[in-house]
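Chemist: no sequence on hand, only this structure:
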DNA sequence: ATAAAAATAATAGTAATACTATAAAAAATA
DNA sequence: TATTTTTTATAGTATTACTATTATTTTTAT
């Protein structure tokens, strides 16, 4: 079984909807590949245009800046995570089991991604780990936040927070814990791979397993 | 009483030691002010030269890139944190009290900073919150890590990890918890101020108090 | 006090970045 | 078939992140 996932992404992020044309979709696919390969700092619309085999001007008709393109991609990812989480959680009634599954989903330890066609989720996950904070750690954060471009992230955080409250209705920090779990999933994975002395992963491999085990300890000891 | 703190900063980070001349110190002071004011993306050596009242060429004789200058500043901060933590912890024997004080220090909830002269610690703290991850979230992380420029961060993490182990010698994730606490101190402060829906801070003010209270819950429920 | 060395200023230049603008060709749609 | 939209091709701009060179000033050693 295969899925084609489309999400309505915030209109402030693009000038012309990249989902509305083949070249638009090619821009997104190649942007994911290119940011994955060279990182956001080295990523330029000129290089992207070469990959897409179009001109820079065409890309500028879709996105006004590379920063908005990054945020567009991250929005797609956050929408995707919330969608997958809600879908897979339907079969589960036990709240603890729900949160365990959430942690698997955010660390990509579940085997779900292979069934999705639209974008390369492995690469997308790498981008989220290394680049997502660059979307909001900018001086203009308050202005761009007014355009609701971080709503998918907030929504995901809210959703996880509700499950935390199911487990312990008296817990005072459901949303902070949720955002901490998401951020920690990213930075512990990065640290385990690149700055292992900031972690206790002895294996030098098995980064995902390590991070997942740690997140479980973190989450469940805090909630109770 | 006033202190003048100097640390030996990794030589790979500069071409000429900025501590060795007045203009060098002025470069660091003005860099802190300028990154604080306009953010790392907008920060350029041209603008910095105007503030320092020297030429760009002079700054390039001290630092080969703005990225290294940022890492230099962060190194100073990490050295400072470890120094202050070790100093203030000498009077304390109880391990739990030690960790509580560490959390106060990393959130800047302690009243210590006013006694330090060298650099503006309030601004430095803002820079650490918003810009520190940009120091290592780059494609070249493995190469620059080989030059030991992240040693002060690792050392601080190790130090906090040892205190965690004092509280519970069987805890399996002392260093991951330490790095999580440091990262969380930064991103929860940022979220509380700019993306409050990712937190449970109802007050819209009192960000530091909120973050400190949350970190205490996080740390002590995980360790036990 | 003088010579040598080092630091800084002044200036110029370069390739690349992050755009904006415009006219013409091509494609889609009515 | 005409009209609109999209894309290309091309040009241009201000800024960035540097490198390079020469001249002047300051520091240091003798």
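Modeler: Arrived safely. Note that the coordinates shown come from a computational prediction; the quantities given were computed from them, not determined experimentally.
Chemist: could you check how far residue A:123 is from DNA strand D?
Modeler: Using Cβ to the nearest atom of the strand, to the nearest Å, residue A:123 is found at 24 Å from DNA strand D. Every residue, glycine included, has its C-beta placed from N, CA and C.
Chemist: what helix or strand is that residue on?
Modeler: With elements delineated by DSSP states H and E, residue A:123 resides in helix A:121-131, which encompasses its position.
Chemist: show me what that helix is packed up against.
Modeler: Judged by 3 or more Cβ pairs under 8 Å, 6 or more residues apart in numbering or on different chains; DSSP states H and E, helix A:121-131 is in contact with helix A:22-42, helix A:66-89, helix A:174-194.
Chemist: now, of these, which is deepest in the fold?
Modeler: With neighbours taken as mean count of other Cβ atoms under 10 Å in any protein chain shown, the helices and strands packed on helix A:121-131 reach their highest mean count in helix A:174-194, at a mean of 24.
Chemist: what helices and strands are in contact with that one?
Modeler: Other helices and strands packing on helix A:174-194, by 3+ Cβ pairs under 8 Å, 6+ apart, are helix A:95-106, helix A:121-131, helix A:151-167, helix A:207-223, helix B:133-136, helix B:141-146, helix B:174-194, helix B:207-223.
Chemist: how far off centre is that helix?
Modeler: Relative to its parent chain, helix A:174-194 has a centroid offset of 12 Å by Cα atoms, centre = their mean, to the nearest Å.
Chemist: could you do stretch A:155-164 as well?
Modeler: Centroid displacement of stretch A:155-164 relative to its chain, using Cα atoms, centre = their mean, is 15 Å.
Chemist: right, is that stretch up against chain B?
Modeler: Yes: against chain B, stretch A:155-164 shows contacts by Cβ under 8 Å from any Cβ of the partner chain at A:157, A:158.
Chemist: quick check: residue A:95 touching residue A:168?
Modeler: No: here residue A:95 does not reach residue A:168: they are 9.0 Å apart, not a contact under Cβ atoms under 8 Å.
Chemist: settle it for me: which of those two has more neighbours?
Modeler: For the pair residue A:95 and residue A:168, the greater number of neighbours falls to residue A:95 (17 against 14), based on other Cβ atoms under 10 Å in any protein chain shown.
Chemist: what about the closest residue to the more buried one other than its chain neighbours, how many neighbours?
Modeler: The spatially closest residue to residue A:95, leaving aside those adjacent along the chain, is residue A:166, at 3.9 Å (Cβ to Cβ, 6 or more residues apart in numbering or on different chains). Other residues near residue A:166 number 15, with proximity taken as other Cβ under 10 Å.
Chemist: isn't residue A:166 right up against residue A:98?
Modeler: Yes: if you go by Cβ under 8 Å, residue A:166 and residue A:98 touch, sitting 7.3 Å apart.
Chemist: what's stretch A:51-61 in contact with?
Modeler: Applying Cβ atoms under 8 Å, 6 or more residues apart in numbering or on different chains, the set of residues contacting stretch A:51-61 from outside is A:15, A:16, A:23, A:26, A:27, A:30, A:33, A:34, A:45, A:46, A:48, A:49.
Chemist: closest one of those residues to residue B:85?
Modeler: Using Cβ to Cβ, residue A:34 is the member of these that sits closest to residue B:85, with 41.8 Å.
Chemist: quick check: that closest one vs chain B, distance?
Modeler: According to Cβ to the nearest Cβ, to the nearest Å, residue A:34 and chain B sit 12 Å apart.
Chemist: surely that residue is in contact with residue A:49?
Modeler: No: because the distance of 10.4 Å does not satisfy Cβ under 8 Å, residue A:34 is recorded as not touching residue A:49.
Chemist: contacting residues around residue A:173?
Modeler: A:222, B:199, B:200, B:214, B:217, B:218.
Chemist: would you mind measuring from it to residue B:180?
Modeler: Residue A:173 sits 14 Å away from residue B:180, taking Cβ to Cβ, to the nearest Å as the criterion.
Chemist: do residue A:161 as well
Modeler: In this structure, residue A:161 and residue B:180 are 18 Å apart, going by Cβ to Cβ.
Chemist: do residue A:18 as well
Modeler: 36 Å.
Chemist: ok, and the closest non-adjacent residue to residue A:179?
Modeler: Excluding its sequence neighbours, the residue lying closest to residue A:179 (Cβ to Cβ, 6+ apart) is residue B:198, at 4.1 Å.
Chemist: contact partners for the one you found?
Modeler: Contact partners of residue B:198, counting by Cβ under 8 Å, 6+ apart, are A:153, A:154, A:157, A:175, A:176, A:178, A:179, B:191.
Chemist: apply 10 Å and report the result again.
Modeler: A:136, A:150, A:153-154, A:156-158, A:161, A:175-176, A:178-180, A:182-183, B:187-188, B:190-192 (Cβ atoms under 10 Å, 6 or more residues apart in numbering or on different chains).
Chemist: for residue A:61, see how far away residue A:156 is.
Modeler: 30 Å.
Chemist: tell me which of these two has more neighbours.
Modeler: Set side by side, residue A:156 and residue A:61 give different neighbour counts by other Cβ under 10 Å, the larger being at residue A:156 (25 against 16).
Chemist: can you list the residues of chain A near DNA strand D?
Modeler: A:16, A:21, A:23, A:24, A:53, A:54, A:55, A:56, A:57, A:58, A:61 (Cβ under 7 Å from any atom of the strand).
Chemist: how about the secondary structure of the first one?
Modeler: Using DSSP: H, G, I helix; E, B strand; the rest coil, the three-state assignment for residue A:16 comes out as coil.
Chemist: which residue packs closest to it, ignoring adjacent ones?
Modeler: Nearest residue to residue A:16, sequence neighbours excluded (Cβ to Cβ, 6+ apart): residue A:62, at 5.0 Å.
Chemist: now stretch A:160-167: buried residues?
Modeler: By neighbour count on 16 or more other Cβ atoms under 10 Å in any protein chain shown, the buried set for stretch A:160-167 is A:160, A:161, A:163, A:164, A:167.
Chemist: dump those into CSV; add pLDDT as well.
Modeler: Putting the buried residues of stretch A:160-167 into CSV (pLDDT from 0 to 100) gives the following:
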residue, pLDDT
A:160, 98
A:161, 98
A:163, 98
A:164, 98
A:167, 97
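Chemist: closest one to DNA strand D out of these, please.
Modeler: Among the buried residues of stretch A:160-167, residue A:160 lies closest to DNA strand D (Cβ to the nearest atom of the strand), at 36.0 Å.
Chemist: still on that earlier bit, list the residues that contact the residue nearest to residue A:16.
Modeler: With Cβ under 10 Å, 6+ apart, residue A:62 has these contacts: A:14-18, A:20-21, A:23-24, A:27-28, A:45, A:54, A:68-69, A:72.
Chemist: relative to residue A:48, how far out is it?
Modeler: Residue A:62 is 10 Å from residue A:48, where distance means Cβ to Cβ.
Chemist: common neighbours of these two, please.
Modeler: Between them, residue A:62 and residue A:48 have A:27, A:54, A:69 as joint contacts when contacts are counted by Cβ under 10 Å, 6+ apart.
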